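>>> would you be able to build a 3D model of this:
(2 chains)
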Amino acid sequence: MALDAFAPWEDPKAEPVIHFQNVTKRFGEFTAIDDLTIDIYEKEFFALLGPSGCGKTTLMRMLAGFETPTEGTILLQGQNIAPIPPNKRAVNMMFQSYALFPHLSIWENIAFGLKRDGMSKPDINDRVDEMLRLTRLEQFARRKPHQISGGQRQRVALARSLAKHPKLLLLDEPLGALDKKLRQETQFELMDIQEKTDTTFVIVTHDQEEAMTVASRVAVMDHGKIIQVSTPDAIYETPNSTYVADFIGDVNLIEGKAAAKDGDKLHIAWAEGQPEIIGTPATEFSNGQTVHFAIRPEKVSISAEKPETANALKGKIMDIAYLGNISTYHVELPGGQIIKAQTANNRRLSRRTFTWEDDVWLSFTDTAGVLLER
Amino acid sequence: MRRFSLFNATSLTLGFAFLYIPMIILVVYSFNKSKLVTVWAGFSTKWYGELIRNDIFLDAAWVTFKVAVMSSTLATVLGTMAAIVLVRAGRFHGRTLFSGMIYAPLVMPEVITGLSLLLLFIGIGMDRGVLTIVLAHTTFSMCYVSVVVSSRLVSFDQSLEEAALDLGCSPFQAFRLVTLPIIAPAVISGWLLAFTLSLDDLVIASFTSGPSATTLPMKIWSSVRLGVSPEINALSTLMIGVVAAGVITASLISKRTAVRQQREERAAERTEAA
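Okay, here's the model as predicted:
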């Protein structure tokens, strides 16, 4: 994290490219975006992540100009964009369906926006050739969109939306239609192209892995509100709520009450007859307050003998999910709570230590989990 | 492949016989040498020759053609506009009523359409002639066009138009450069449909025409009342040909593009898999 010098959101003097100020969007009775304020900086790869219906697409369509905010303002480089129609905005969008013009060749698709700008013929030729090179589509220039494969279509859509040098490129589920392998390759390609073109990218996705891979910052949304905005690692390691912890990756959630403070540590009473969990709170908890203890499965170790760690819980293995590279053990504690523990399979399967019905110890350090208020 | 059962074969034959025997008789007798329609006296094309020299029929044909071109063009413009509004406008109060009203003329008895148009033209004091027939034909054929075009628009990906706007088109440019070329096959088949409907209309044309304008179907109808002549058979055969060509072209245009597109899409997927 410290290696990444690109963090304009931490610089108080940095001017955002996009500034949402208390933006609300209603469709009749339904509130799609609820009093939202957010800044997006130049050259960022910003991901809007959330379940379907959380308002992420509406947010993007407001940037493109297909929807106008009911309340609040959106500034693009300090200018209010509400009165500017989509065809006059320095913003381009890559559509989920790609929306390639089926009656035009790949070359004409990419040139479409440039022609509308009244660019001269030689300039258009140069620019289209440049985009074809960037997206490795040179040999398909004369084909029609239905004569190329899905992955190639995706690249045409990208080339077309980048051709006009937009200040901001919007990508609506850009990789949703590709199969898994192609999607992973394309994610790195997208990052590469974003770096080469120095454009600000805003991507909408419901795929958390995709958001984590490509984005410089991720905004997790739910019901028209942004729950947390942060770098992918911060979102994963220090979620601000059980919603985010649960939405991103796998997590064990244990609800308890703050029992006693011990320096910077907090003891959490969570079940009769079980030892208290010791954690390191980031915020103040008063005595007796409800605490949600969230811990990632890979931070829980599993062993046969009781280990010397701050937290050790005894349980029985109920289920083993073997995923090849890792195994997830579902361990039931005496109170009935199931805790997931993950181990890397760096040994061959035949020499595995634990099996079903084994009594095991689960252990984790006092800094491994996150203590959340809600 | 499944074989036809006797029952299937019989019903198919009967069905087609029912549909086409009258027309086949008409076509065959148009090549009859005899002047008597019901007596076969050998093959001849002389009635086609007579037809070409008959100025009255040629005039009527010219009127029919003019009316068909004008009314189908007008109906295509209006019908396409109506289809776009009805498909795109989203939900508004009375939407179902409006789309129902577009389709109502499809089932309206022609006599009623003709009569009401006649009353309208008399009411506003409009002299009946080519213009009134054009207006009348436009009225009843635009709903056919709008049915054809709106069925295409329903499957039209709206984001194509948004993409055009996003890339700098004004809404009108987006329509002209993106929407219209894509829905063109439907618009063309709508035009051809309207054209053939106008060609063979008798009832509405009879109500709305004046002494100065007689269409071909009207001419045929009035001469048949004086007795069927082989010349009429020849004329009718030609009309069947024109109408059939129009309908077949219309359906081929829409089918061909779809088939070719599917084939090329499959080819593209194969190259990706390879």
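>>> can you show me the CA trace of stretch B:174-181 as CSV?
Provided in CSV are the C-alpha atoms of stretch B:174-181 (Å, rounded to 0.1, in the frame of the first residue of the first chain):
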residue,chain,number,x,y,z
ALA,B,174,-28.9,9.7,-33.9
PHE,B,175,-32.1,8.7,-35.5
ARG,B,176,-30.8,9.4,-39.1
LEU,B,177,-27.4,7.7,-38.7
VAL,B,178,-28.2,4.9,-36.3
THR,B,179,-31.9,4.0,-35.8
LEU,B,180,-33.1,4.5,-39.3
PRO,B,181,-30.4,2.4,-41.1
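>>> any bit of it sitting next to chain A?
Yes: counting by CB under 8 Å from any CB of the partner chain, chain A is contacted by stretch B:174-181 at B:177-178, B:181. For the C-beta atoms, the positions are set from N, CA and C on the backbone; glycine is no exception.
>>> so which of the residues you listed is the most crowded?
Neighbour tally across these (other CB atoms under 10 Å in any protein chain shown): the maximum, 25 neighbours, falls on residue B:178.
>>> so residue A:287 sits in a strand?
No: counting by DSSP: H, G, I helix; E, B strand; the rest coil, residue A:287 is not found in a strand; it is coil.
>>> for it, give me its contacts.
Residue A:287 makes contact with A:258-260, according to CB atoms under 8 Å, 6 or more residues apart in numbering or on different chains.
>>> repeat for residue B:78
Applying CB under 8 Å, 6+ apart, we find residue B:78 in contact with B:138, B:142, B:145-146.
>>> which SSE is it in?
Take DSSP states H and E as the rule and residue B:78 turns out to sit in helix B:55-88.
>>> rounded mean pLDDT for that helix, please.
Per-residue pLDDT over helix B:55-88 has a mean of 91.
>>> what is the helix or strand just after it packed up against?
Next along the chain after helix B:55-88, taking DSSP H and E as the criterion, comes helix B:95-107. Contacts defined by 3 or more CB pairs under 8 Å, 6 or more residues apart in numbering or on different chains; DSSP states H and E place helix B:95-107 against helix B:55-88, helix B:130-154.
>>> excluding chain neighbours, what is closest to residue 251?
No chain in the question, so chain A it is. Of all residues not flanking residue A:251 in the chain, residue A:245 sits nearest, at 4.7 Å (CB to CB, 6 or more residues apart in numbering or on different chains).
>>> that's the wrong chain, I meant chain B
According to CB to CB, 6+ apart, the nearest residue to residue B:251 is residue B:189 (7.0 Å).
>>> wasn't that neighbour part of a helix?
Yes: under three-state DSSP, residue B:189 sits within a helix.
>>> what's the pLDDT at it?
87.
>>> close enough to count as contact, it and residue B:248?
No: the pair residue B:189 / residue B:248 is not scored as a contact, 10.7 Å apart, by CB atoms under 8 Å.
>>> quick one: which of those two has more around it?
Neighbours of residue B:189 and residue B:248, each counted by other CB under 10 Å, are more numerous for residue B:189; the result is 23 against 11.
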